[in-house]
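Visitor: when you get a sec, could you give me coordinates for this:
(chains A, B, C and D)
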Amino acid sequence: MENSRAKPHPKQDRGKRVAMIYKVTIGEKKYEIIVDGKTTTVTINGRTVNVDHKNLRSKLHSILADNIGYEFELVRVNGGFDIWHGSGSLHAEIIDEKSERLRRLMGSSGTGTKASSLRAPMPGLVVKVEVEVGQHVKKGDGLVIVEAMKMENELRAHAPAIIREIRIRPGQAVEKNQELIVFE
Amino acid sequence: MENSRAKPHPKQDRGKRVAMIYKVTIGEKKYEIIVDGKTTTVTINGRTVNVDHKNLRSKLHSILADNIGYEFELVRVNGGFDIWHGSGSLHAEIIDEKSERLRRLMGSSGTGTKASSLRAPMPGLVVKVEVEVGQHVKKGDGLVIVEAMKMENELRAHAPAIIREIRIRPGQAVEKNQELIVFE
Amino acid sequence: MFTKILIANRGEIAVRIIRACRDLGIRSVAVFSEPDRGALHVRLADEAYPIGPAASSESYLVIEKIIEAARKSGAEAIHPGYGFLAENAAFAQACVDSGIVFIGPPPSAIRMMGDKMAARTVMKAAGVPIVPGTENPIDDDIGAIKIAAWIGYPILIKAAAGGGGKGMRIVHDQSEIKSAVRGAKSEAKSAFGDDRIYIEKYLAKPRHIEIQVIADSHGNCVYLGERECSIQRRHQKVIEEAPSPLVNPSMRKKMGQAAVAAARAAGYVNAGTVEFLADDHRNFYFLEVNTRLQVEHPVTELVTGIDLAIEQIKIAAGEKLSFSQGDIKITGHAIECRIYAEDPSSGFLPSTGILSVYHEPAGPGIRVDSGVYEGAEISVYYDPMISKLLTFGKDRLQATARMLRALEEYRISGVTTNIDFHKTILRHPEFIAGRLSTHFIDMYYKPSDEFPENLAEAAAIAGALMEHQAQNKLSLSAAKRSRVSQWKTAGRNLIQNRTAEKGWR
Amino acid sequence: MFTKILIANRGEIAVRIIRACRDLGIRSVAVFSEPDRGALHVRLADEAYPIGPAASSESYLVIEKIIEAARKSGAEAIHPGYGFLAENAAFAQACVDSGIVFIGPPPSAIRMMGDKMAARTVMKAAGVPIVPGTENPIDDDIGAIKIAAWIGYPILIKAAAGGGGKGMRIVHDQSEIKSAVRGAKSEAKSAFGDDRIYIEKYLAKPRHIEIQVIADSHGNCVYLGERECSIQRRHQKVIEEAPSPLVNPSMRKKMGQAAVAAARAAGYVNAGTVEFLADDHRNFYFLEVNTRLQVEHPVTELVTGIDLAIEQIKIAAGEKLSFSQGDIKITGHAIECRIYAEDPSSGFLPSTGILSVYHEPAGPGIRVDSGVYEGAEISVYYDPMISKLLTFGKDRLQATARMLRALEEYRISGVTTNIDFHKTILRHPEFIAGRLSTHFIDMYYKPSDEFPENLAEAAAIAGALMEHQAQNKLSLSAAKRSRVSQWKTAGRNLIQNRTAEKGWR
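Guide: This is a model prediction of the structure:
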């Protein structure tokens, strides 16, 4: 177990220390976080916070931010972390300053690509497809009903969209994360 | 997780299967266990037992022996395992037939070497040494008092012995497993 | 008394019954499907027998496999838990036929109560108030229209063989009735192989209140107070409590006596639950009888001090009840929150995964009945209930405070749960005031993706720190790699030079 | 009421008090030494402050550091738990001086009860029966001999400032008295800096029975029944229960009234415990007062339904007791087994290590108060108590059955525990009969290295299987290695050949 405050890495101490800037997006909120080499304080959106970090085990971390306790399991996923907080998870997209500069140079459009397909959130059986190709749907409209765990679960649209392609049919078994419907 | 019954290793299946004989000593009890390649039955002291083994995680194992459930954490130590059973541990010395044959060829005396020294069971402070070099002690005689966790703990002789050497003195701090007294 | 009992179930209820067996000094026998080899009920039972693959239809629902495991193990009795074969009269009969005691009511009582219309008829005859409606099956929409006109809209069309909301239709006026009858009949036919339907008055904002009864085989039958289970989503209970904030002593007595009359009328033995709908004026109407131990039975255990699973076993062994109606006292208040792997913000969609972190709350006033542990999997094969979290307090306020504390302490990663949903409900002014109904969630719960600002900030900081650590490690190992490769390059040059020296000089 | 409380402690009692704070909607502040950064109390508290290195003398015992953390966090009150600074009058005074509420009795009461001889004097004056003995310090062995002749051998010599068995000597006859007085005085001097000693009658096979009292600052004081704590090893309690198998209603009332008289005489406020020794004829004698929450307080909570930690906080906030003596009812039976990291087969020697497997029991009738989790370390720095395992049942039989079940379910690896020891005690006919005394363990417990034959067999099989797996892996990887090295060799030959072709042809 490692305690960032108690045991700074001597090797890192010898090396040059550069404060790094991370841009974190959680839901619709954006944070700019400056981490210096010591990681005992960070600056979040301009405010300085004393941080004491302890890795409890594997991916489970305890954070004391200005002495207030939080506990998270951080699971790395594309572009950031899924951050589990005890009863669910947040997704945090993280870009460091360097990468962002690089991205700008490469002409990439940056963050915020929209979900372009509906994927199965769990394995199950397709009971009903409620839309047709070409149909305009609005947020909340039912798209597909999947039976899993003895319950019928309606998958709904998270945003307005047009149906481009339907990749499943009623009666078909689907895997978790399988693409069901492609939007335009 | 792995279930020996449900998923035999296909690679091992192709290879030749030799029944192996293991000699297990726990306390004063001795067991001769024959394990064939499939590990769904073993023979213990001549009696056949159906075994279903499941590795729950890391060192934690569930065993169904003739459908009766046991759970152990097995920690490898010299010559066998410390086997934790929920409220404490047993030590199992394990010799396979091959090794034993080898040992006999090398002229080794085999198992059963007696404890020849007293080691500290925990870190602490030596409060008192109750014996002198050359003294004969019998089983249960007090040897050393060590203070740990705010309590004084008397370490006693597990068997009759003669004190050859005393390696600590009162007031000295000792580490776990540090040799305190050597017997003849 | 039995020396060995087989538990024909899995998950928390199997664990619950294993614990009752332990308390009685009876050996417990678990059965398990392939993915359940490492499940908690297998870990805790004295013995365990495999019964086939993951699908319940090939394992936990196969009567012959269960009976065979009981025979092999020498179990004298079988406890069915709830779900699976618990209310299957054929299974109870198969036990009897094999000379094994079925821990539950006689097959005849299960059969009678399983037919919802027959149950209504029995109850009415016993003087138990029933929801106004038909006593005979409705054949077509003409009959339905006639009856609806008599009891008044809205009405509920229900399947006689039914349960679980299948074959059920709410009808608000005559124009809807034709398609509702057709729909209900065809759904009932496909779900139960029986297209009989009947009509009940549809109560607006009803409360779900049920009475626990227990009867021995010597003619003694008592009620153990009520449970209120009005907080439901998808027609499934999620929060239950005892006593009900609505029920006063006189209502309790009336409901209890009606429930006992119902149980006696059905020839009932063992533990059972008589479910009622109630309105805020304390009128109550018979709904159905559950011929098994309910999921929510522990709230009754907490307020009465009676261990229902133990009583079930004793009754099955032929013992007399050790208490009479006068001995039953309701003390304090108990609440149960069912912790599900599901996402309340997307219509309570089940969630699957490995419980990579799993830390249960504990301490004063907490009881957790679960069938999982850290590292276990919530799979698609079985019910997504993770545990039943129960609290007990001297009153409803303390039980609620302790529940909020326990929900706060619970740590689960790997699957999304309804823990925050429970907190929201428990803090809602209408819940606190005890004004409940089965429409509570529809009326008052608004799913939200919001999270407290300080939590999001702390999560952002944690994410940035981890990213920072990862980048430092990357650059460290990159530095190492480049150092190594310089050495390698140098070495190679050396060799090449030597070769050159030897070869091309 | 307070908005924030600092808990000047660690381990299970800190967790216990955090839970009480949560139930009251009060923010909790933890303090921690370096090795405790990841401890459960730090994980569960709302806030946490570091207070120094591992040694208690440099962290948990440093009054200034605790007060400083309270100031920084803005806590209005401090709960001391038990141990550490809980019975330190100077600490209570320092809180008062800093304008922070000390959740416990006034410093004067702590000081008075800390002096064992002064406490005896106060009790005698209040009419509480005390063990026959001296009321003034004994100066030398001549005085001691005189008094011993009057009260009769055996006698007990005790330190006035004492506790924890230090400076204590049992004297069986006059020949031993001289060296005992000398020994006790010197031990008392070195342990407490105070060599005053006194003499008590030594009771053979006494039972340890204590009364929980609670008093508010408005003059109300009630007793909450007794706890029997006779099962002790090394003068430390290991099993406690409520009610005591010995105490009947009239004895409870007599002891309770004596305890309340004692508390009133001492000007006591908040929760406290009056300890008595009792004999089998139900005579009882004052022993001492503990001016804090006891380790074993939960057994009282379980049988009275009163949350003592919450009451402590309310009293400290100036609230009146919400119950009177007539409201207190003892319902059911509760037992506590203290789970220690220690080896009963080697004189209860403490054991240290990482809890590599740690799975707590749960289900009906179980309460676990612990300060650890899987992966936590039982270190040499602090008390080796892992948890307090409590069970509640309708009677002593059921509480015992549930305890045996819970002990069976507990899974701990990495440190040796006293779990099997508890099972042995609970199954002993004398324990079952309720015939207890503080000499119980000496009289009836025989440590044994024996283990059930089937367990040893299964362990042997598990060991052989693991050895077999390891050997298979070894030979598999050896096969791989040798294959790889053949490839390598071949490659090398190839290169050498090529080089040769190019160079030496």
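Visitor: excluding its backbone neighbours, what's nearest the spatially most central residue of chain A?
Guide: Taking CA atoms, centre = their mean, the centroid of chain A lies closest to residue A:91, which sits 2.7 Å from it. Counting by CB to CB, 6 or more residues apart in numbering or on different chains, residue A:91 lies nearest to residue A:82, which is 5.7 Å off, once chain neighbours are set aside. No exception for glycine: its C-beta is placed from N, CA and C like everyone else's.
Visitor: sorry, back to before: ok, the strand or helix carrying the residue nearest to the centre of chain A: who's next to it in the sheet?
Guide: Residue A:91 belongs to strand A:89-96 when assigned by DSSP states H and E. Here strand A:89-96 has these sheet partners by DSSP bridges: strand A:20-26 (antiparallel), strand A:80-84 (antiparallel).
Visitor: domain ranges for the chain?
Guide: Picked chain A for this. Chain A is divided into the following domains under automatic domain parsing: A:9-112, A:114-184.
Visitor: that's the wrong chain, I meant chain C
Guide: Taken from automatic domain parsing, chain C resolves into C:4-103, C:106-129+C:204-331, C:132-201, C:334-451, C:463-502.
Visitor: tally of neighbours for the closest residue to chain B within chain A?
Guide: In chain A, the residue that lies nearest chain B is residue A:58 (11.5 Å; CB to the nearest CB). Burial measure for residue A:58: 11 neighbouring residues, criterion other CB atoms under 10 Å in any protein chain shown.
Visitor: how close does it get to residue D:41?
Guide: 22 Å (CB to CB, to the nearest Å).
Visitor: same check, this time on residue C:329
Guide: Distance from residue C:329 to residue D:41, by CB to CB: 37 Å.
Visitor: what about the helices in chain A?
Guide: A:10-14, A:97-105 (DSSP state H).
Visitor: same deal with the stretch 401-505 of chain C?
Guide: Under the criterion DSSP state H, counting those that start in this stretch, the stretch 401-505 of chain C contains helices at C:419-426, C:429-432, C:440-444, C:453-503.
Visitor: residues contacting residue A:178?
Guide: For residue A:178, the contacting residues are A:119, A:120, A:167, A:168, by CB atoms under 8 Å, 6 or more residues apart in numbering or on different chains.
Visitor: pop out the phi and psi values for it.
Guide: Here is the backbone geometry of residue A:178 (degrees, to the nearest 10): phi -70, psi 140.
Visitor: contacts for stretch C:45-61, please.
Guide: With CB under 8 Å, 6+ apart, stretch C:45-61 has contacts from B:52, B:64, B:67-69, C:4, C:7-10, C:14, C:18, C:27-35, C:37, C:42, C:62, C:65-66, C:69, C:72-73, C:84-85, C:379, C:381-382.
Visitor: count of neighbours near residue 143?
Guide: With no chain named, the answer covers chain A. For residue A:143, using other CB under 10 Å, the count is 23.
Visitor: should've been chain C
Guide: 15.
Visitor: output the below-cut-off pLDDT ranges for chain A.
Guide: Applying pLDDT under 70 to chain A picks out residues A:1-18, A:37-39, A:101-115, A:149-151.
Visitor: who does residue A:90 bridge with?
Guide: Beta-bridge partners of residue A:90, as defined by DSSP bridges: residue A:83.
Visitor: how close does the residue in chain C that chain A sits nearest to get to residue D:44?
Guide: Per CB to the nearest CB, residue C:419 is where chain C lies closest to chain A, at 3.2 Å. Here residue C:419 is placed at a distance of 16 Å from residue D:44 (CB to CB).
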